[in-house]
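Trainee: Predicted model, plus sequence, below.
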Amino acid sequence: MQVFLQQIINGLGLGSIYALIAVGYTLVYGVLRLINFAHGDVFMVGAFLGLFAGVSLHQSLWVSLLFSMAGCALLGILIERLAYRPLRKAPRMAALITAIGVSLLLENGGQLPEVFGPNPQSYTNPKTDLPLFIPEHVYRVGGVSIDLPTICIWIATAIIFVGLRILVTKTKIGKAMRAVQHDQESAALMGIDVNGIILFTFGLGSALAAVAGVLFASEYGQIDPLMGLMPGLKAFIAAVLGGIGSVPGAIIGGLLLGVVETLVAQFQGGATYRDGIAFLILILVLLWKPTGLLGTGAVEKV
Amino acid sequence: MTLAQTQQLSADLAGAVDGGDVFFAMENCSVVFGGLTAVSKVSFKLGRRDLVGLIGPNGAGKTTIFNLITGVYVPTTGRILFNGNQIAGPVNQERGDAKRFFRKGSRMTSWGRRDIARAGICRTFQNIRLFHGLSVLQNVLVASHSRYRQSIGGAMLRSARYYEAESGAREQAHALLAALKLLDYEHFLAHNLPYGAQRRLEIARALATRPQLLLLDEPAAGMNPQESAELMEMIRWVRENYGLTILLIEHDMKVVMGMCERILVLDNGCVIADGAPAEVRSDPRVVTAYLGTEE
Amino acid sequence: MPSGSDSPARSPRWIARAALYLFCVAALFALDQFVMAPLLLPYVYATIIRIGIYAILAASLNLVNGVTGQFSLGHAAFMAIGAYVAGAMSVAASGLVQNHPGWEGSAIQAGVFLAGCVAAVIVASLAGLTVGLPTLRLRGDYLAIATLGFGEITRVIFQGWDHPFGGATGLSGVPTVTSFFWTYLFAGTAILLLRNLQWSGPGRDFMAVREDEIAAAAVGVDVVRAKVVAFIVAAGFAGIAGVLLVHQNNGIDPQQAGFLNSIEIVVMVVLGGMGSLTGSILGAALLVILRAVVEGAPALSDYARYENVIYPVLLIGLMLVRREGLLGYKELSWKTVTPLFTRWRKLEKL
């Protein structure tokens, strides 16, 4: 039972990371109907920017986090402006191919020695050899252990969820986002700056990916240019599972996927089939309920 | 035999007889989309070689009726009969059907779109839906495939059967293109055709399935008076030549009145008039539907 | 090329066609024996073989992504399935041969290789069926993700399957059988069959599905069947490519079933122009040559590390500048290539 509980805790920790990335997918999909394949790689860049700020610039967690968020937001906006906007009127397949291209560019470009280099880097302070931002405290509650980074991830997820709720439902820009999500053309006719909203959404989603990147790196202690590939795909699965376009759905999907994966790895006694399970879930969800747990479908027009 | 069984049997017999001699019938069909009734208890019959107009104000449910007939929507109530088959309507759950446990009694079903097309009902679309990246000839050939079948292996190996089917299909396609004055455009991409020719190509493509019932959704939309007069002439010729039944949606009253022997008027999802053009024109309900009531 | 699509009224005599085909096979064999193998540098020879293998992969993926308008990101998985099946057969056979002196000889190897081809096509096609059926309801990006998921699942399965597939380290010890002759025999046949398929009734059904599924169903096209058949046929040919690859590289590892390898094939199809068979072949040839030059030329060794950046840049640049690829799917830009091809162009246009 304790083992089971421990796995649930671990799963929720992993799931929160997925949830944070999935929120970015969902936001972007909402306004642009595009799977931003590069999102997982923005997450990777976020982790590297955090490392750079912490080690080379000797900054604290908060400043590094802000630095990383700003950098990623800028990256997201650049990607949208340069790669996606010219293709907004093009067939969706073209945009999808471009998204894959951007993702590969970030991954393969990141592996160049001039950029991040191909080798894994540890997320530690080089002088003290201790974890860079968040110390590895482990708390024991009734036989179940929880470490500090996991708690930080939970808190961050909760804050971001509440913040997004308020942003989307209460603020003017949130209403504009929903309007664009619903119908770009009508939104434009109502005087909403659609391009501005899309850029804002990309920036926001990328900044959240940066948070996830820094926290993920703090938890797992090692980063490399390909680290975004799998979490990115998994987070997309989480977004589909929860219903793409829905922020609460992304959070629920992320947590659910994290728990299921961890439990499968536990039962199987290794990580071999862990990646397979996520994709199996994806295919099953797409077949059984393509709109996901909380999504709403569109009706085919004849 | 219990009373219920007797009733069932006589109902079955009535259904069989009823379906047997009717070419096409829509009986008491309704469609409800989440509380909104798009089509309400519509019933009408079509005979062979009829040329019937379906008119009504915007949003009256004309295209919805086409979508019902072609299997895009499943009716909420009622049934549709075609050539003695029920193509949409209630189906009694059979013994051993797994779904019986979840839905008791009868449920509404419809044939698939492809099966309906192959059974002999074909349509055109209000917003032209050609295969834009294919040539005019290819557009027509695609529609003839259920008649001139080619196997995958035969096509890959170019078997004798393949050549037979291909040449048959091409002969038919050329005849249709000639009939609809499209032969000059044969190798054009459908996308590059002038607007009127695109509408004609949709009709040619529908004819290539060799339908018995042809549904035309605003075939003259966007045409000038001369073009639409030509088109109507062509439609009449097609009906004579191919022995078809045609049901046609049209906004332009003048056009419909001029060519159809019978007109169905739809308003708010209900048939409000059904008869010869002259009758329909003088029907007060029709006038009200089109012009509104005077307060 | 038979002049089929131009004048379908008369079927050429099958004896004549078979004789022509056999003559081509013999010519290919002679070309390999007397020209290619003895005269070319091994590196160049291997590169030419890779071009043929990737031409099969790109041409078959084009059937799904270009002609039928579905977007598959899992093509490498079918290739890997074929490679694993045939590779394992060859490894098992060479084990048997070692235990029975006197059984050696390239004839036995070639026999096992051909049997492997048959098995690979069957297994890969079945895999295509299992992917095709459930993914039918999905469109566009969802289909892309689902097929990507299929590829990853395939990779994971092979990673965990120790016997006879070697688990995470993969299959090794596969004898070298693939030659110029075998590669181009299969590549030529595959391309011929794919061309025939694309410019025939079923091929037009595929294209109709790509253009407008609703209209296709309305004129009686079996949309479901068209998609499944496209998947199955493409998977079968990918399986053949896998057999060739595994008998050239002497093995395969699970990573090759994954996402990145599939993307590589997608890049080839996109580069050539989605929907254009000739374009896919051209795309495959260009990218294989590019890779071979960057990796093989000593003068470029300093830049070899940029190789992996070329793909994505090419992909993004193509989408932004020339979305239809080099040829465009209508194969209309032939005229600009060379007037030599005008006769072909007529055929392809129907």
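Mentor: Structure received. Numbers count the residues shown, from 1 in each chain, chains lettered A, B, ... in the order given.
Trainee: ok, and the closest non-adjacent residue to C:Y142?
Mentor: A:L286 (5.8 Å; CB to CB, 6 or more residues apart in numbering or on different chains). Every residue, glycine included, has its C-beta placed from N, CA and C.
Trainee: So which elements touch the one helix or strand the one you found maps to?
Mentor: Per DSSP states H and E, A:L286 falls inside helix A:274-288. Secondary-structure packing of helix A:274-288 (3 or more CB pairs under 8 Å, 6 or more residues apart in numbering or on different chains; DSSP states H and E): helix A:229-242, helix A:247-268, helix C:106-135, helix C:140-160.
Trainee: Pull the number of nearby residues for residue 113.
Mentor: You didn't say which chain, so I picked chain A. 9 (other CB atoms under 10 Å in any protein chain shown).
Trainee: The chain in question should be chain C.
Mentor: Using other CB under 10 Å, C:F113 has 23 other residues around it.
Trainee: for it, what are its contacts?
Mentor: Residues near C:F113 by CB atoms under 8 Å, 6 or more residues apart in numbering or on different chains: C:A86, C:S90, C:V177, C:W182, C:V243, C:H247.
Trainee: Make JSON lines out of the residues you listed and add pLDDT and secondary structure.
Mentor: Formatted as JSON lines, those follow (pLDDT from 0 to 100; DSSP: H, G, I helix; E, B strand; the rest coil):
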{"residue": "C:A86", "pLDDT": "95", "secondary structure": "helix"}
{"residue": "C:S90", "pLDDT": "92", "secondary structure": "helix"}
{"residue": "C:V177", "pLDDT": "89", "secondary structure": "coil"}
{"residue": "C:W182", "pLDDT": "94", "secondary structure": "helix"}
{"residue": "C:V243", "pLDDT": "96", "secondary structure": "helix"}
{"residue": "C:H247", "pLDDT": "94", "secondary structure": "helix"}
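Trainee: Strands of chain A, start to end?
Mentor: Residue ranges of the strands in chain A, as given by DSSP state E, are A:121-122, A:138-141, A:144-147, A:222-223.
Trainee: what about those strands, which gets the closest to B:Y148?
Mentor: strand A:222-223 (60.7 Å; CB to CB).
Trainee: Can you name the two of the contacts of C:F113 that sit furthest apart?
Mentor: Greatest spatial distance in the contacts of C:F113: C:S90 and C:W182, 12.9 Å, computed using CB to CB.
Trainee: so what sits against both of the two?
Mentor: The contact lists of C:S90 and C:W182 share C:F113, C:H247, where a contact means CB under 8 Å, 6+ apart.
Trainee: Number of residues surrounding A:M177?
Mentor: 23.
Trainee: wouldn't it be in contact with A:V31 here?
Mentor: Yes: A:M177 is in contact with A:V31 according to CB atoms under 8 Å; the separation is 6.4 Å.
Trainee: I'd assumed B:V52 was in a helix, is it?
Mentor: No: assignment of B:V52 by DSSP: H, G, I helix; E, B strand; the rest coil gives strand, placing it outside any helix.
Trainee: Would you mind measuring from the residue of the stretch 51-200 of chain A found nearest chain B to B:I55?
Mentor: Minimum separation of the stretch 51-200 of chain A from chain B (CB to the nearest CB) falls at A:P91, amounting to 11.2 Å. Going from A:P91 to B:I55 by CB to CB, to the nearest Å gives 37 Å.
Trainee: Could you do C:V233 as well?
Mentor: Here the criterion is CB to CB. By it, C:V233 lies 47 Å from B:I55.
Trainee: Likewise for A:V28?
Mentor: Look at A:V28 and B:I55: by CB to CB, they are 46 Å apart.
Trainee: Over to C:A37?
Mentor: Here the criterion is CB to CB. By it, C:A37 lies 76 Å from B:I55.
Trainee: Neighbour count: these two, which is higher?
Mentor: Using other CB under 10 Å as the criterion, C:A37 and B:I55 rank with B:I55 on top: 26 against 14.
Trainee: Run through chain B and note the low-pLDDT ranges.
Mentor: Residues of chain B meeting the criterion pLDDT under 70: B:1-20, B:93-106, B:291-295.
Trainee: What segments of it are strands?
Mentor: Under DSSP E, chain B gives strands at B:24-33, B:36-46, B:51-55, B:77-82, B:85-92, B:106-110, B:121-123, B:213-217, B:245-249, B:262-267, B:270-275.
Trainee: picking up where we left off before, mean pLDDT added to the helices and strands packed on helix A:274-288, as CSV?
Mentor: What follows is the helices and strands packed on helix A:274-288, written out as CSV (pLDDT from 0 to 100):
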stretch, mean pLDDT
helix A:229-242, 89
helix A:247-268, 88
helix C:106-135, 90
helix C:140-160, 87
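Trainee: Out of those, which is the most enclosed?
Mentor: helix A:229-242 (a mean of 28; mean count of other CB atoms under 10 Å in any protein chain shown).
Trainee: Centre of the chain to that one, how far?
Mentor: 8 Å (CA atoms, centre = their mean, to the nearest Å).
Trainee: Just the angle for it relative to helix A:247-268, thanks.
Mentor: 120 degrees (axes from the mean of the first three to the mean of the last three CA atoms, to 10 degrees).
Trainee: could you check the angle helix A:274-288 makes with helix A:229-242?
Mentor: Using the same axes, to 10 degrees, the direction of helix A:229-242 lies 30 degrees away from that of helix A:274-288.
Trainee: Report all helices and strands that helix A:229-242 contacts.
Mentor: Under the contact criterion of 3+ CB pairs under 8 Å, 6+ apart, helix A:229-242 touches helix A:2-32, helix A:39-51, helix A:247-268, helix A:274-288, helix C:140-160.
Trainee: Could you rerun that using 6 Å?
Mentor: helix A:2-32, helix A:39-51, helix A:247-268, helix A:274-288 (3 or more CB pairs under 6 Å, 6 or more residues apart in numbering or on different chains; DSSP states H and E).
Trainee: so of these, which one's packed in deepest?
Mentor: helix A:39-51 (a mean of 28).
Trainee: how near is the nearest residue to B:A173 once chain neighbours are set aside to C:Y84?
Mentor: Closest residue to B:A173 apart from its sequence neighbours, by CB to CB, 6+ apart: B:V140 at 4.2 Å. Distance, B:V140 to C:Y84, by CB to CB: 45 Å.
Trainee: What of C:V91?
Mentor: For C:V91, the distance to C:Y84 equals 10 Å [CB to CB].
Trainee: likewise A:S16?
Mentor: Relative to C:Y84, and taking CB to CB, A:S16 is found at 37 Å.
Trainee: sorry, back to before: among the strands of chain B, show me which one is buried the most.
Mentor: Of all those, strand B:121-123 has the most neighbours on average by mean count of other CB under 10 Å, namely a mean of 29.
Trainee: is chain A contacted by it?
Mentor: No: judged by CB under 6 Å from any CB of the partner chain, strand B:121-123 and chain A are separated, with a smallest distance of 9.8 Å.
Trainee: what does that strand contact?
Mentor: B:F66, B:T70, B:A206, B:T209, B:P211, B:L213, B:L214, B:L215, C:A218 (CB atoms under 6 Å, 6 or more residues apart in numbering or on different chains).
Trainee: Let me see the contact set for the last one.
Mentor: I take that to be C:A218. B:R113, B:A117, B:R123.
Trainee: just the third one next, same as before
Mentor: Remark: with contacts taken as CB under 6 Å, 6+ apart, B:A206 is in contact with B:C122, B:T124, B:L214.
Trainee: what about the second one, how many neighbours?
Mentor: In other words, B:T124. Neighbours of B:T124 under the rule other CB under 10 Å: 26.
Trainee: Got phi/psi on it?
Mentor: When read as degrees, to the nearest 10, the backbone of B:T124 gives phi -110, psi 170.
Trainee: Can you verify my assumption that it contacts B:L215?
Mentor: No: contact between B:T124 and B:L215 fails when scored by CB atoms under 6 Å: they sit 7.2 Å apart.
Trainee: now stretch C:206-224, how far from the centre of its chain.
Mentor: 25 Å.
Trainee: Chain neighbours aside, what residue packs nearest to residue 40?
Mentor: In the absence of a named chain, this looks at chain A. A:G232 (1.5 Å).
Trainee: not quite, I wanted chain B
Mentor: Using CB to CB, 6+ apart, the closest residue to B:S40 is B:G269 (4.1 Å).
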